[in-house]
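**Student:** I'll drop the sequence and a predicted model, then ask my questions.
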Amino acid sequence: MRFIRVLTYIITCTLLLSCNKYLDVQPKGIVMPKTVSEFEGILNSETLTTTFPTHLVYLSDDIKTNISSLEKTTDANAYFWRQSLDPNREAEPAVWAISYRVIYRANVIINNIMDAEGGNEQKKKEILAEALVTRADAYYNLLTVFAKAYDRNTAVSDPGLPWVTSTDVTTATPDRLSLQETLDRMIEDLKVAANDLPTTNVNKYRATKYVANGLLARIYLYMEDYANAATYATKALEAPHIISNYNDIYSFYELPMVEDDPEILWARLTEDAYLINDLNYSQSLVDIFDYSDLRFLYFAEDWYGEGDYIRNSFGFVNTGITFPEMLLTKAEALAHNDDFSTAMDIVNTLRENRIDQYSYEELVASSKEEAIDLILLERRKELAFGGQRWADMKRLDKQGRMPEVERINKDGDVLASLPPKSPNYTIEIPGRVLLFNPNMKKNH
């Protein structure tokens, strides 16, 4: 069941309700925020913390479900990599709706916080900076679905996203920027935010300067800008943190909740609390683990003894930025820049905390390509179901590193496949959006 959370201060908006409009008008009786504390309340709301679109998980090759290939639901369309996610134009557009709802609420803060009542100038700048980070994160999720994988040779002409900054619902829908311009604006916002954000915040759902740097590292890796990816991952890793040693625990139930996890830099939750019921390991994911890997021992459980593994998880799934992600981002970036020896040292530091101590052996790479392959393998294991696999698949397919991916049922039948260079790595703009914006450039 999908459910929409209502923010006290802002309307629950149905995107694209009328022609050339992204958002509903503010209904009578709803009071918009005026004070600094009210704007900060928006950052603490579920709407701006449960921001990750679940369908990015269904698109990934980590997951296996019992969805029938005959189904025409949004989940099925994502799982079988169909060109459009939405089965009809009446429903709220998958991925698009939640992301632009986040962007709208972030814009409410961005456009008004500096004139809010109460608070000092620095506090207002910090709240503004957090909203910029949240907006950039929403645009990143959208790009990984509705725009082509980044290619520096074509990014200036490939369509990106409509860049919405207004909360005036009478404003016409902006045209799609180029992919390059969309990313440039995200990066600019994050660099501004990093300068104004504090080094600590009230909880893991709130941004810090390390979070802004971590998101920059993620974006630069997606863009194959490995020098900047390494630089900003290093900046993110300057935050105090601990990599938990799984050899020191005896069961999954000893692992901390999201709020207490020292490995989490920024917590982002999925829009759907029931996603945990569908987190079953695909066979290709199962196959890359071996018996000594404590990540599989603690997180994967074969409930019925039939080789079907379900992901153990406490409550919502965290899809935010983790310190292990930053380590792996830095390692991959260094390997691409020919420092594969240092890259492997980083990976082995992480693996020492993940592999059974009596079976642990260092990974050794004799070449740049061998190091990259080993790092990518560790990245998939470490970040399984963490929300980044679809973006990784997309960029790796562009690099020629993704094999054909298949959806296979329990009888061994192939229900769908995603071959290398498939156009279905880019999902079509939702039909509901195109209905109200017929001049918007399509993907297919």
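**Tutor:** Arrived safely.
**Student:** Residue 338 and residue 365 touch, don't they?
**Tutor:** No. Using CB atoms under 8 Å, residue 338 makes no contact with residue 365, being 11.9 Å away. Placement of C-beta: from N, CA and C, glycine included.
**Student:** Neighbour count: those two, which is higher?
**Tutor:** residue 365 (18 against 11; other CB atoms under 10 Å).
**Student:** That one and residue 61: what is the separation?
**Tutor:** Noted for residue 365: a distance of 24 Å to residue 61, by CB to CB, to the nearest Å.
**Student:** Next: residue 417.
**Tutor:** In terms of CB to CB, residue 417 sits 11 Å off from residue 61.
**Student:** Looks to me like residue 306 is in a helix.
**Tutor:** No. Assignment of residue 306 by DSSP: H, G, I helix; E, B strand; the rest coil gives coil, placing it outside any helix.
**Student:** longest helix in the chain, by residue count?
**Tutor:** For the chain, the longest helix by residue count, based on DSSP state H, is helix 121-146.
**Student:** Does residue 240 belong to a helix, a strand or coil?
**Tutor:** Strictly by three-state DSSP, residue 240 counts as coil.
**Student:** In contact with it: list those residues for me.
**Tutor:** Taking CB atoms under 8 Å, 6 or more residues apart in numbering, we find residue 240 in contact with no residue.
**Student:** Next, it: phi, psi?
**Tutor:** With angles defined as degrees, to the nearest 10, residue 240 sits at phi -60, psi 130.
**Student:** Pull the residues that contact stretch 346-359.
**Tutor:** Against stretch 346-359 from outside (CB under 8 Å, 6+ apart): 243-247, 291-295, 324, 327-328, 330-331, 334, 360, 362-363, 374-375, 378, 381-382.
**Student:** if we can go back for a sec, need the residues touching each of residue 417 and residue 61.
**Tutor:** Counting by CB under 8 Å, 6+ apart, the residues touching both residue 417 and residue 61 are residue 405.
**Student:** hang on, the earlier thing: could I get the average pLDDT for the longest helix of the chain?
**Tutor:** Mean per-residue pLDDT for helix 121-146: 98.
**Student:** mind listing what's buried in it?
**Tutor:** Residues of helix 121-146 classed as buried: 123-146 (neighbour count, 16 or more other CB atoms under 10 Å).
**Student:** Could you verify that residue 417 is part of a strand?
**Tutor:** Yes. With three-state DSSP as the criterion, residue 417 is assigned to a strand.
**Student:** The closest residue to it other than its chain neighbours is in what secondary structure piece?
**Tutor:** Distance criterion CB to CB, 6 or more residues apart in numbering; nearest residue to residue 417, sequence neighbours excluded, is residue 406 at 4.7 Å. Per DSSP states H and E, residue 406 falls inside strand 405-408.
**Student:** need the strands for this protein, in chain order.
**Tutor:** Listed in chain order, the strands of the chain (DSSP state E) span 63-64, 159-162, 176-178, 264-266, 280-281, 300-301, 310-311, 321-322, 405-408, 414-418.
**Student:** tell me, how many neighbours does residue 218 end up with?
**Tutor:** Count around residue 218 with other CB under 10 Å applied: 22.
**Student:** now do the one 3 residues further on
**Tutor:** Counted with other CB under 10 Å, the neighbours of residue 221 add up to 26.
**Student:** pLDDT wise, what is the closest residue to it other than its chain neighbours at?
**Tutor:** Excluding the flanking residues, the one nearest residue 221 by CB to CB, 6+ apart is residue 229, at 4.2 Å. At residue 229, the model reports a pLDDT of 98.
**Student:** what's the answer for residue 91, then?
**Tutor:** For residue 91, the pLDDT comes out at 86.
**Student:** got it, and residue 306?
**Tutor:** For residue 306, the model assigns a pLDDT of 84.
**Student:** that older thread, the strand holding residue 406: partners in the sheet, and parallel or antiparallel?
**Tutor:** Sheet pairing for strand 405-408, assigned by DSSP bridges, gives strand 414-418 (antiparallel).
**Student:** Just the buried residues of the strand it pairs with, please?
**Tutor:** residue 418.
**Student:** Other residues contacting that strand?
**Tutor:** 61, 69, 79-81, 404-409, 424-425.
**Student:** I'd like to know which of those is nearest to residue 300.
**Tutor:** Closest approach to residue 300 among the contacts of strand 414-418 (CB to CB): residue 61, at 15.8 Å.
**Student:** List the contacts of that closest one.
**Tutor:** By CB under 8 Å, 6+ apart, residue 61 lies in contact with 282, 284, 285, 389, 393, 405, 418.
**Student:** With adjacent residues omitted, what lies nearest to it?
**Tutor:** Among residues not flanking residue 61 along the chain, residue 405 sits closest, at 4.6 Å (CB to CB, 6+ apart).
**Student:** Neighbours of that neighbour, how many?
**Tutor:** Residue 405 has 18 neighbours, counted by other CB under 10 Å.
**Student:** quick one, helices of the stretch 301-444 of the chain?
**Tutor:** Applying DSSP state H, counting those that start in this stretch to the stretch 301-444 of the chain gives helices spanning 323-336, 340-351, 368-382, 389-398, 431-436.
**Student:** same check, this time on the stretch 1-150 of the chain
**Tutor:** Ranges of helices within the stretch 1-150 of the chain are 36-44, 55-59, 74-79, 96-112, 121-146, based on DSSP H, counting those that start in this stretch.
**Student:** out of those, nearest to residue 369?
**Tutor:** Across those, residue 369 has its closest neighbour in helix 121-146 (25.0 Å, CB to CB).
**Student:** Count the neighbours of residue 380 for me.
**Tutor:** A total of 22 residues lie near residue 380 under the criterion other CB under 10 Å.
**Student:** same thing with the one 10 residues further on?
**Tutor:** Burial of residue 390, expressed as a neighbour count using other CB under 10 Å, amounts to 22.
**Student:** got the contact list for it?
**Tutor:** Residue 390 makes contact with 56, 57, 59, 60, 144, 145, according to CB under 8 Å, 6+ apart.
**Student:** any chance of those residues in a markdown table, plus distance to residue 42?
**Tutor:** Compiled in a markdown table, the contacts of residue 390 are given as follows (distance: CB to CB, whole Å):
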| residue | distance to residue 42 |
| --- | --- |
| 56 | 24 |
| 57 | 26 |
| 59 | 29 |
| 60 | 30 |
| 144 | 25 |
| 145 | 25 |
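**Student:** quick check, nearest of the residues you listed to residue 311?
**Tutor:** Nearest member of those to residue 311, counting by CB to CB, is residue 57, at 10.3 Å.
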